[in-house]
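Student: I'll drop the sequence and a predicted model, then ask my questions.
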Amino acid sequence: MRSDFKYYKKIVVKIGSSSITHKETGGADLIRLEKLVRELTDLHNAGHDVILVSSGAISVGLKAANIKDIYYDGSGRKEEGPDEKLKIKQAAAAIGQARLMMVYQKLFAEYNQLTAQVLMTKRTVLDDLNRFNARNTFDELMKLGVIPVVNENDTIATWEIEFGDNDTLSAIVAAITDADLLILLSDIDGLYTNDPHIDAHASFISEIEHLNADVERFAKKTTGSRVGTGGMATKIHAARIASAAGTDMVIANAKDLGNIHRIVDGAEIGTYIHAEKKNDFFVQDYLKED
Ligand code: GLU
């Protein structure tokens with residue numbers, strides 16, 4: 001029940017690039033980042049263990065290095081093939097991740113809140129030793145009262161080893177750390193019966209007790225973001241992982257970041273997907289097919 005969320009110990013919050021960067025330039029949106037950090041530190045002050053999964057590295061890096069958009073057709077880099085794009089993306093991520101962490105460090109420091117950076121690839125999860133190490137690191141960080149900021153290691157991840165989207169990554173992090181709640185913040189209020197941008201009759205789903213075939217049908221690929229990668233389908237994939245791992249999940253709108261504390265307080269915000277823990281759950285099984 002939502003009213004139990006306030007008693008949950010470990011909470012993972014995922015925020016996408018479009019929610020913490022300026023649409024016009026891709027640069028970091030400091031006002032929203034500041035609000036996010038305040039919300040998370042407050043959750044920590046209230047006694048929760050908090051982990052942030054934050055996108056934004058590529059977006060911030062492209063802006064910082066003044067690289068023109070590499071995702072739009074007709075951009076100034078038309079002549080470049082996929083490999084060239086990958087290199088640019090990886091370089092942008094290297095620049096942007098450092099810059100993003102600098103901002104997070106500064107903002108968390110204002111509240112005397114320790115933070116840390118954890119970068120992962122699919123290999124971190126598939127390799128038994130890497131996964132074991134990652135789990136231990138998270139455990140230790142929680143003991144030290146740190147709010148870790150997690151992202152995919154976009155600088156070295158190519159398609160073979162990438163999660164591809166931070167929705168999946170956040171569910172993996174929730175699973176590895178045995179989190180109680182995953183709050184997945186998006187540019188949409190939650191799950192609808194159809195894409196509300198194209199269907200005026202689409203109705204909102206506030207609660208899902210069982211992830212069945214109906215839910216799969218509702219999950220249309222609806223992302224319009226140029227640097228984020230998750231649509232509703234990736235959110236449902238994330239929900240499958242979280243649910244099987246025993247983590248409750250809420251998909252909610254990042255527009256009002258106050259939604260974070262309201263959700264934890266039990267408010268009826270977003271789509272609440274109940275955990276249905278599978279006894280034979282192995283997180284690595286959810287990545288093999290890609
Ligand atoms: N990891 C990417 C970044 O930091 C974003 C991936 C996503 O939005 O899902 O830019």
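Tutor: It's in.
Student: Give me the buried stretch members for stretch 142-153, please.
Tutor: The neighbour-count check on stretch 142-153 (16 or more other Cβ atoms under 10 Å) flags Met142, Val146, Ile147, Pro148, Val149, Val150, Asn151, Glu152, Asn153 as buried. Backbone N, C-alpha and C define where each C-beta goes, glycine included.
Student: could the residues you listed be laid out in TSV, adding secondary structure and distance to the ligand?
Tutor: Putting the buried residues of stretch 142-153 into TSV (DSSP: H, G, I helix; E, B strand; the rest coil; distance: Cβ to the nearest ligand atom, whole Å) gives the following:
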residue	secondary structure	distance to the ligand
Met142	helix	23
Val146	coil	20
Ile147	strand	17
Pro148	strand	15
Val149	strand	11
Val150	strand	10
Asn151	strand	5
Glu152	strand	4
Asn153	coil	9
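Student: Dump the residues you listed to CSV, plus pLDDT.
Tutor: Output for those, formatted as CSV (pLDDT from 0 to 100):
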residue, pLDDT
Met142, 98
Val146, 98
Ile147, 98
Pro148, 98
Val149, 98
Val150, 98
Asn151, 96
Glu152, 93
Asn153, 92
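Student: Distance to Val37 for the residues you listed - can I get that in CSV?
Tutor: Shown next, in CSV, are the buried residues of stretch 142-153 (distance: Cβ to Cβ, whole Å):
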residue, distance to Val37
Met142, 18
Val146, 13
Ile147, 9
Pro148, 13
Val149, 10
Val150, 15
Asn151, 16
Glu152, 21
Asn153, 22
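Student: Touching the helix or strand bottoming out on mean pLDDT in the chain from outside, list them.
Tutor: Least confident helix or strand of the chain, by mean pLDDT, DSSP states H and E, is helix 213-218 with a mean of 76. Applying Cβ atoms under 8 Å, 6 or more residues apart in numbering, the contact partners of helix 213-218 are Leu191, Tyr192, Thr193, Asn194, Ile205, Ile208, Met232, Ile236, Ala239.
Student: I only care about the residues you listed that end up buried; give me the ChimeraX line for that.
Tutor: Of the contacts of helix 213-218, the buried ones can be selected in ChimeraX as follows, counting by 16+ other Cβ under 10 Å:
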select :191,192,205,208,232,236,239
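Student: Greatest separation within the contacts of helix 213-218: which pair is it?
Tutor: Using Cβ to Cβ, the pair of these lying farthest apart is Asn194 and Ala239, separated by 17.7 Å.
Student: can you give me how far the longest helix anywhere in the chain is from the chain middle?
Tutor: For the chain, the longest helix by residue count, based on DSSP state H, is helix 82-110. A distance of 15 Å separates the C-alpha centroid of helix 82-110 from that of its chain, computed with Cα atoms, centre = their mean, to the nearest Å.
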